[in-house]
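Enquirer: Here you go, sequence then predicted model.
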Amino acid sequence: MNNSRYWLMLVGATVSGLLAGYVALVYVSEEPTTLVAAVPSQTIVVAARDLPAGSILRREDVETVDWPGAAVPEGFASQAGEVVGRGLITDIKRNEALLDSKLAHKEAGGGLSITIPEGMRAVSVEVDEVVGVAGFVLPGTRVDVLVTVMPGTDRTRTTTRIILQNIRAIAADQRYQQDIDGEPQYVTVVTLLVTPEQSEELTLAATEGRIQLALRNTLDSEEVQTAGRRITSLLAGGSSSASRAAATSNATPVPADPERVIESYEGGRRTLLKFGRGGGQ
């Protein structure tokens, strides 16, 4: 009887231990549930359409959208009234957030002036189809500026040189002006963004010489050092004494005339007469 009770208690203890171990294993193996606090979305103002730099924002140019609260950009506007009437200092795409860093002060107005970075200047120059690279100089493109100058009246001193490199064009417009006969004609004006020092160079070049714009790849920012080119260097290859000397040395030599021998007989005596170069005896 005692043995039966003993085995019964042993089996019960074993089952209880196994059950407790199973419960502990299940508890440990379960990953704790992470509680994530819900981040409320924010209402921000975005562009309702593509807008160019210099535009003054109107109510129909903007709209409000819900933006995830954890990803709200710094400097956003939550109401349309915060941006309406302010000018854009950069191009804006549709649905792009209208941040404070992309807008001018409300008192600044709009137009070209608000797009000019601090410390820079906008200088406009008149160009034709050749100077303006056939109309390919557009806002955002980059150019080199060349100038051709003839000091005094000596055309042999005419020189062309690159004076400005990697200059950004910020505007390109056409306007009417009268020619010498009083007839209206189109004149293209290109506005370049330059430093104050570069504005002096550009103005002097346009006044004292003829400028030419060279369109460059917008990704190519490397500056190249050049010495300029004079008109005499273009003609040196065909008129220099060295070239004439080289041409003379490379010319095919004229062969000398061979000696001519005439054989004659007089009274049974044989005579040989030799004539050298030029026909002399």
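Expert: Great, that's in hand.

Enquirer: Can you pull out the residues in contact with the helix or strand where residue 66 lies?
Expert: Residue 66 is located in strand 62-67, with elements delineated by DSSP states H and E. With contact meaning C-beta atoms under 8 Å, 6 or more residues apart in numbering, strand 62-67 is reached by 41-48, 76, 78-80, 83-84, 95, 97-98. All C-beta atoms are positioned from the backbone trio N, CA, C, and that covers glycine.

Enquirer: Which among these count as buried?
Expert: 44, 45, 46, 47, 48, 76, 80, 83, 84, 97, 98 (16 or more other C-beta atoms under 10 Å).

Enquirer: ok, now how distant is residue 69 from residue 98?
Expert: Distance of residue 69 to residue 98, given as C-beta to C-beta, to the nearest Å: 18 Å.

Enquirer: Let me see the ranges of the helices in the protein.
Expert: 2-29, 196-208, 231-239, 241-250 (DSSP state H).

Enquirer: which stretch in those has the least confidence?
Expert: Across the helices of the chain, helix 241-250 has the smallest mean pLDDT, namely a mean of 43.

Enquirer: what residues are up against residue 73?
Expert: Applying C-beta under 8 Å, 6+ apart, the residues contacting residue 73 are 44, 97, 99.

Enquirer: Would you check that the second one makes contact with residue 42?
Expert: Same thing as residue 97. No: if you go by C-beta atoms under 8 Å, residue 97 and residue 42 don't touch, sitting 10.6 Å apart.

Enquirer: Mutual contacts of these two, please.
Expert: What both residue 97 and residue 42 touch, as defined by C-beta under 8 Å, 6+ apart, is the set 67, 76.

Enquirer: for stretch 202-218, which positions count as buried?
Expert: 202, 205, 206, 209, 211, 212, 213, 215, 216.

Enquirer: now do stretch 97-105
Expert: Neighbour-count burial for stretch 97-105 [16+ other C-beta under 10 Å]: 97, 98, 99, 102, 103, 104.

Enquirer: separation between the closest residue to residue 196 other than its chain neighbours and residue 162?
Expert: Nearest non-adjacent residue to residue 196, counting by C-beta to C-beta, 6 or more residues apart in numbering: residue 121, 5.8 Å away. Residue 121 sits 20 Å away from residue 162, going by C-beta to C-beta.

Enquirer: Contacts for stretch 160-173, please.
Expert: Contact partners of stretch 160-173, identified using C-beta under 8 Å, 6+ apart, comprise 112, 115-116, 122, 124, 132, 137-148, 188-194, 198, 201-202, 205, 212, 214, 216, 220-221, 223-224, 226-229.

Enquirer: got it, and stretch 206-222?
Expert: Residues outside stretch 206-222 that contact it (C-beta under 8 Å, 6+ apart): 125-127, 130-133, 136-137, 140-150, 160, 162, 166, 190, 202, 205.

Enquirer: Out of those residues, which end up buried?
Expert: Here, 16+ other C-beta under 10 Å leaves 125, 127, 131-133, 137, 141-149, 160, 162, 190, 202, 205 buried among the contacts of stretch 206-222.

Enquirer: Would you mind checking the average pLDDT for stretch 66-81?
Expert: Per-residue scores along stretch 66-81 average to 86.

Enquirer: cool, and stretch 115-124?
Expert: Stretch 115-124 comes out at a mean pLDDT of 89.

Enquirer: list the buried ones in that stretch?
Expert: Quick answer for stretch 115-124 (16+ other C-beta under 10 Å): 115, 121, 123, 124.

Enquirer: Then stretch 154-167?
Expert: Applying 16+ other C-beta under 10 Å to stretch 154-167 flags 158, 159, 160, 161, 162, 163, 164, 165, 167 as buried.

Enquirer: hey, C-alpha coordinates of that stretch in CSV?
Expert: The C-alpha coordinates for stretch 154-167 follow below in CSV (Å, rounded to 0.1, in the frame of the first residue of the first chain):
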residue,chain,number,x,y,z
ASP,A,154,47.0,97.0,-86.2
ARG,A,155,45.0,93.9,-87.3
THR,A,156,48.0,91.6,-86.8
ARG,A,157,47.5,92.1,-83.1
THR,A,158,43.9,90.9,-83.1
THR,A,159,43.6,88.4,-80.3
THR,A,160,40.8,86.0,-79.1
ARG,A,161,40.9,84.6,-75.5
ILE,A,162,38.6,82.9,-73.0
ILE,A,163,38.0,85.3,-70.2
LEU,A,164,35.3,83.6,-68.2
GLN,A,165,34.6,79.9,-67.8
ASN,A,166,31.7,77.8,-66.5
ILE,A,167,29.3,80.7,-66.2
